[in-house]
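Novice: coordinates for the following, if possible.
(chains A and B)
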2 protein chains.
Amino acid sequence: MNINFSKRARAMKPSGTHQLLQMSERPEVISFAGGFPAPELFPVEALKAVCEAVLDEQGPASLQYSTTEGYIPLRTAICDRMKMIGIEASYEHVMITSGSQQAIDLTGKLFIDDGDVIICESPTYLAAINAFKLYNPQFVEVAMDEDGMIMEELEKKLQAHPGAKFIYTIPDFQNPTGRTMNLERRQRMVELANQYDVLILEDNPYGAIRFAGEPLPPIKHFDSEGRVIYLSTFSKIFSPGLRLGWICADEAMIEKYVLLKESSDLHTDSFAQRIAVKYMEMNDLDAHIDRIRAIYRERYTTMVSCIEQFLPHSVSHSTPEGGLFIWLELPESIDSAELLQDCLNNHVAFVSGAAFFPNGGGHNTLRLNFSNMSNENITEGIKRLADVLHSKL
Amino acid sequence: MNINFSKRARAMKPSGTHQLLQMSERPEVISFAGGFPAPELFPVEALKAVCEAVLDEQGPASLQYSTTEGYIPLRTAICDRMKMIGIEASYEHVMITSGSQQAIDLTGKLFIDDGDVIICESPTYLAAINAFKLYNPQFVEVAMDEDGMIMEELEKKLQAHPGAKFIYTIPDFQNPTGRTMNLERRQRMVELANQYDVLILEDNPYGAIRFAGEPLPPIKHFDSEGRVIYLSTFSKIFSPGLRLGWICADEAMIEKYVLLKESSDLHTDSFAQRIAVKYMEMNDLDAHIDRIRAIYRERYTTMVSCIEQFLPHSVSHSTPEGGLFIWLELPESIDSAELLQDCLNNHVAFVSGAAFFPNGGGHNTLRLNFSNMSNENITEGIKRLADVLHSKL
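Specialist: Next up, the predicted model:
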């Protein structure tokens, strides 16, 4: 039998994420690989009452087909929450997605034709790279420093690629580096986007999980022309399993997103959408987020102090003020993919950094997750990593 | 501002379904347009205990990220259910999807390159047409009669299009016609697929909702070479709002589907998957399906008897033995899209048939849904339709 996959499917390779999610299930491994929130903080008890209330009060409607745009009370609640961080939008500008991964995929589908240029941070989120790749773009990477994407570098790329479709950025506690774009650059990015007539895709899954420093307004806050598409999610502040994300964009774009989503999965789980709304009615989501921030602050602090105590001094690390990840740069002589094999033998895992560079590079970098782990395991895992690293140097 | 959508997005037009779902929400309209299950049959009370049990017994795991393939106990339960209808598969052959709409979209993404031929019944499911269209195939339609796709016609098309990617078919209570493919043709389709080396995409959302006649084995039952991709869903037998569908296919294909799904939405709602499993543990799903079948039998009978009593005799209708839909053929002189405008003024709705023909045609056909309506409303709605039709003839 002859199976003729499409060109896009033939080009796909198993991504790091998928294999690592499986690997992370092996009990003997301390895995810093995933991007899992701390499960012990999930509001399990609260959800019992929430589910009962949804079924009692809304009955069959919570189990029926619903509109592709999403449940209006959820879209309205999202607008209220976005207002708190400086985004003014009404529910017509919001479409619910099945996690923000779907928002990323739909954005690729909506904008990318074969060979189109998209601009991104170097490095950037690997599952976005994989989603976009299916639409066959040319990735143009822009260098970062500790304050995020460098605007002078961005402008050079915009000049070199006048037809670029969008700039993909994760300004808050970026995946994989944990870095945050500073205020000045946020404003400057919007100016550049206006000047070079390009869209911005602002992916903000982690913004609410700030455990140090002062909050910054999202890039969308500075958007005067409707050219910032803003993505976010309940995954890191409530539950990733329920797959609730959203897109906030200009209505002309939302209209197209809705058509694409209709073909993709008709709509996002009606029951999950109503659970999220009812949870916010019956509970204080911000108090819940405060608990998450406190725990992540503690785990981050533990991990950084272990890194500084146990790893070779030739290893440098990022110093995020929130989110889930720390980024390591190893000496040039070390290939983190090879290192990972040795580390797995020593029962510790991470994601090697090369996967986050769409055009290659980053062989001596790696990403560590600290959200999903006790302080004891963080300490033990970093010691295991240190043992392997010291043996290499 | 210049918004450069992709070619595929520029080609999209609002589909009938989306507008009709919105129209169907107007309270004064009796809508036969949707494909909604009867909400009064949703197991609302049972789900209270189910949700509580899932949260009690499985806690945070039910709210955490999970694997892209889906929850193994759900995939295993699906295999048990497929076995009852003659499909032997292990859970490795099954991937959970966010409704079977996602399975359709992923199949387009997995197989269709620009201009590829896909073969389908004429007419066929409009949301599949819209999903496939985004990958820009050439649709080759095969004529049907009351026993489904005509195999002599299929063979001619296979001869004319040797590189066809797959045959898309809904053999049980087809959407939109309600027709069922007979046993002999099911076997013959597999023979032809083997002979012409083409895949079959068997979409079976309605098979369990049989209210007359004898069950037939799915086409997949006759699959000797792993070339039938079988899609089904919990939407019509449990809850469409939870968005739980599945793909059963050869492992080499499932591997690729998993990569595509990972990029599309990472995984299907973990909580919904566990709810489905726990519901089947705590309740008798088949007894529940029997209740659905009994109600739909009654509604179907009411609708057919009203059609025969009130509609002009020049209108012919299909006689399904299950599912949710009846198909009408009107006299050639009537355009059902124009008719719909008049019907909306008379507060009754349906889907005009042209939308189900990917290459045009079918102007004098329409689809009626009978699952989501009391007998009184069915009677009143068909009378309203009859009034408008009589005024046209």
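
Novice: around A:E281, how many other residues sit close by?
Specialist: 12 (other Cβ atoms under 10 Å in any protein chain shown). Where C-beta positions appear, they are placed from N, C-alpha and C, glycine not excepted.

Novice: kindly apply the preceding question to A:E40 instead.
Specialist: Neighbour tally, A:E40, other Cβ under 10 Å: 11.

Novice: thought it was touching B:P60?
Specialist: Yes: assessed by Cβ atoms under 8 Å, A:E40 is found in contact with B:P60 at 6.5 Å.

Novice: measure the residue nearest to A:N182 when sequence neighbours are not counted to A:A49 for me?
Specialist: The shortest distance from A:N182 to any residue other than its chain neighbours is 4.3 Å, reached at A:D147 (Cβ to Cβ, 6 or more residues apart in numbering or on different chains). As for A:D147, its distance to A:A49 is 44 Å (criterion: Cβ to Cβ, to the nearest Å).

Novice: cool, A:R81 as well?
Specialist: As judged by Cβ to Cβ, A:R81 and A:A49 stand 22 Å apart.

Novice: more neighbours: which of the two?
Specialist: Between A:R81 and A:A49, A:R81 has the larger neighbour count (other Cβ under 10 Å), namely 18 against 15.

Novice: element containing that one?
Specialist: Per DSSP states H and E, A:R81 falls inside helix A:72-84.

Novice: stretch A:1-12: which residues count as buried?
Specialist: For stretch A:1-12, a neighbour-count test (16 or more other Cβ atoms under 10 Å in any protein chain shown) marks A:I3, A:N4, A:F5, A:S6, A:R8, A:A9, A:M12 as buried.

Novice: any idea which element the nearest residue in space to A:P240 that is not next to it in sequence lies in?
Specialist: Among residues not flanking A:P240 along the chain, B:Y65 sits closest, at 4.7 Å (Cβ to Cβ, 6+ apart). For B:Y65, there is no enclosing helix or strand under DSSP H and E.

Novice: do A:Q273 as well
Specialist: Element membership of A:Q273 [criterion: DSSP H and E] is helix A:270-282.

Novice: show the contacting residues for A:S62.
Specialist: Neighbour list for A:S62: A:V54, A:L55, A:S270, A:F271, A:R274, B:G241 [criterion: Cβ atoms under 8 Å, 6 or more residues apart in numbering or on different chains].

Novice: now A:S333
Specialist: Neighbouring residues of A:S333 by Cβ under 8 Å, 6+ apart: A:N364, A:K392, A:L393.

Novice: so of the residues you listed, which ones are in strands?
Specialist: Among the contacts of A:S333, no member is found in strands (DSSP state E).

Novice: restricted to buried residues, select these in PyMOL.
Specialist: Buried subset of these, written as a PyMOL selection, criterion 16+ other Cβ under 10 Å:
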select buried, chain A and resi 364
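
Novice: closest to chain B out of the contacts of A:S333?
Specialist: Chain B lies nearest to A:N364 out of the contacts of A:S333, by Cβ to the nearest Cβ, at 26.6 Å.

Novice: ok, and the closest non-adjacent residue to the closest one?
Specialist: Residue nearest to A:N364 in three dimensions, not counting chain neighbours: A:L330, with 4.5 Å by Cβ to Cβ, 6+ apart.

Novice: so what does the strand or helix carrying A:L47 touch, helix or strand wise?
Specialist: For A:L47, the host element (DSSP H and E) is helix A:44-58. Applying 3 or more Cβ pairs under 8 Å, 6 or more residues apart in numbering or on different chains; DSSP states H and E, we find helix A:44-58 packed against helix A:270-282, helix B:44-58.

Novice: now do the last one, average pLDDT.
Specialist: It refers to helix B:44-58. The average pLDDT for helix B:44-58 rounds to 98.

Novice: ok, now the shortest one?
Specialist: Taken as a whole, helix A:270-282 has an average pLDDT of 98.

Novice: tell me the helices and strands packed up against it.
Specialist: Using 3+ Cβ pairs under 8 Å, 6+ apart: helix A:270-282 touches helix A:44-58, helix A:72-84, helix B:270-282.

Novice: quickly compare those and say which is most buried.
Specialist: Stretch with highest mean neighbour count among those: helix B:270-282 (a mean of 22; mean count of other Cβ atoms under 10 Å in any protein chain shown).

Novice: please report how far A:K278 lies from chain B.
Specialist: 12 Å (Cβ to the nearest Cβ, to the nearest Å).

Novice: cool, and A:N4?
Specialist: Separation of A:N4 from chain B (Cβ to the nearest Cβ): 6 Å.

Novice: cool, and A:K133?
Specialist: To chain B, A:K133 is 8 Å away according to Cβ to the nearest Cβ.

Novice: contacts only, for the residue in the stretch 251-393 of chain A positioned nearest to chain B.
Specialist: Among the residues of the stretch 251-393 of chain A, A:S270 lies nearest to chain B; the distance is 3.3 Å by Cβ to the nearest Cβ. Counting by Cβ under 8 Å, 6+ apart, A:S270 touches A:A61, A:S62, A:L63, A:Q64, A:Y65, A:S66, A:Y71, B:G241, B:L242.

Novice: redo that, cut-off 7 Å
Specialist: A:S270 makes contacts with A:S62, A:L63, A:Q64, A:S66, A:Y71, B:G241, as judged by Cβ atoms under 7 Å, 6 or more residues apart in numbering or on different chains.

Novice: just give the nearest non-adjacent residue to it, would you?
Specialist: Closest residue to A:S270 apart from its sequence neighbours, by Cβ to Cβ, 6+ apart: B:G241 at 3.3 Å.

Novice: that's a helix at that neighbour, yeah?
Specialist: No: B:G241 is assigned coil when assessed by DSSP: H, G, I helix; E, B strand; the rest coil, not a helix.

Novice: that one touches A:A61, doesn't it?
Specialist: No: the pair B:G241 / A:A61 is not scored as a contact, 8.2 Å apart, by Cβ atoms under 7 Å.

Novice: who's more crowded, these two?
Specialist: The neighbour count for B:G241 versus A:A61, taken as other Cβ under 10 Å, is higher for B:G241 (27 against 18).

Novice: what sits against that one?
Specialist: By Cβ under 7 Å, 6+ apart, the neighbours of B:G241 are A:S62, A:L63, A:Q64, A:Y65, A:S66, A:D269, A:S270, A:F271.

Novice: same thing with A:Y135?
Specialist: Taking Cβ under 7 Å, 6+ apart as the test, what A:Y135 contacts is A:G108, A:K109, A:I112.

Novice: what does the stretch 101-250 of chain A put close to chain B?
Specialist: Within reach of chain B by Cβ under 7 Å from any Cβ of the partner chain, the stretch 101-250 of chain A has these residues: A:101-102, A:105, A:109-113, A:127, A:130-131, A:134, A:165, A:197, A:225-227, A:239-243.

Novice: cross those residues against helices and list the overlap.
Specialist: Within these, residues falling in helices by DSSP state H are A:Q101, A:Q102, A:D105, A:K109, A:L110, A:F111, A:A127, A:N130, A:A131.

Novice: could you redo these as CSV and give each row distance to B:P123?
Specialist: Output for those, formatted as CSV (distance: Cβ to Cβ, whole Å):
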residue, distance to B:P123
A:Q101, 34
A:Q102, 29
A:D105, 29
A:K109, 26
A:L110, 28
A:F111, 32
A:A127, 38
A:N130, 36
A:A131, 33
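
Novice: and which of those residues is nearest A:M95?
Specialist: A:Q102 (9.9 Å; Cβ to Cβ).

Novice: returning to that earlier point: I'd like the helices and strands packed on helix A:44-58 laid out as TSV, including distance to A:P215.
Specialist: Putting these into TSV (distance: least, Cβ to Cβ, whole Å) gives the following:
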stretch	distance to A:P215
helix A:270-282	20
helix B:44-58	32
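
Novice: wait, which of these is closest to B:G34?
Specialist: Closest of those to B:G34 is helix A:270-282, at 14.3 Å (criterion: Cβ to Cβ).
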